[in-house]
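[1] Got a predicted structure here, sequence first:
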Amino acid sequence: MRQVVLHPGEDGYWVAEVPSLPVRRGGQGKSKEEAIANIREAIGQWIDAARKLGRRAPR
């Protein structure tokens, strides 16, 4: 489980960020739900890449 920070962006889209990842990953969407779905996908991709490199995801 990751903490996601959700806020409205300047362009009218919603922005989702995950502060606990070393490289800030973000997602955005036209709705809060879309931004959350996009950030979930980004988190999964980050964790998969970290595992392939033999790294452990931060908690």
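    Great, that's in hand. Residues are numbered from 1 along each chain as shown.
[2] Relative to its centre, which residue of this structure is most distant?
    Most distant from the centre of the chain: Gly54, at 20.5 Å, with distances by C-alpha atoms, centre = their mean.
[3] is it fair to say that one lies in a helix?
    No - according to DSSP: H, G, I helix; E, B strand; the rest coil, Gly54 belongs to no helix; its state is coil.
[4] Look at Ala16 and tell me its secondary structure.
    Three-state secondary structure (criterion: three-state DSSP) places Ala16 in strand.
[5] cool, and Gly27?
    Going by three-state DSSP, the secondary structure assigned to Gly27 is strand.
[6] looking at it, it is touching Gln45, isn't it?
    No - the criterion here is C-beta atoms under 8 Å, and Gly27 misses it with Gln45 at 10.6 Å. Yep, even glycine has a C-beta here, placed from its N, CA and C like the rest.
[7] who's more crowded, those two?
    Counted by other C-beta atoms under 10 Å, Gly27 and Gln45 do not tie: Gly27 has more neighbours, with 22 against 11.
[8] Let me know the distance separating that one from Gly54.
    Gly27 sits 26 Å away from Gly54, taking C-beta to C-beta, to the nearest Å as the criterion.
[9] and the residue nearest the centre of the chain, what is it in contact with?
    Residue closest to the mean C-alpha point of the chain, counted by C-alpha atoms, centre = their mean, is Ile39 at 3.5 Å. Ile39 makes contacts with 4, 16-18, 25-27, as judged by C-beta atoms under 8 Å, 6 or more residues apart in numbering.
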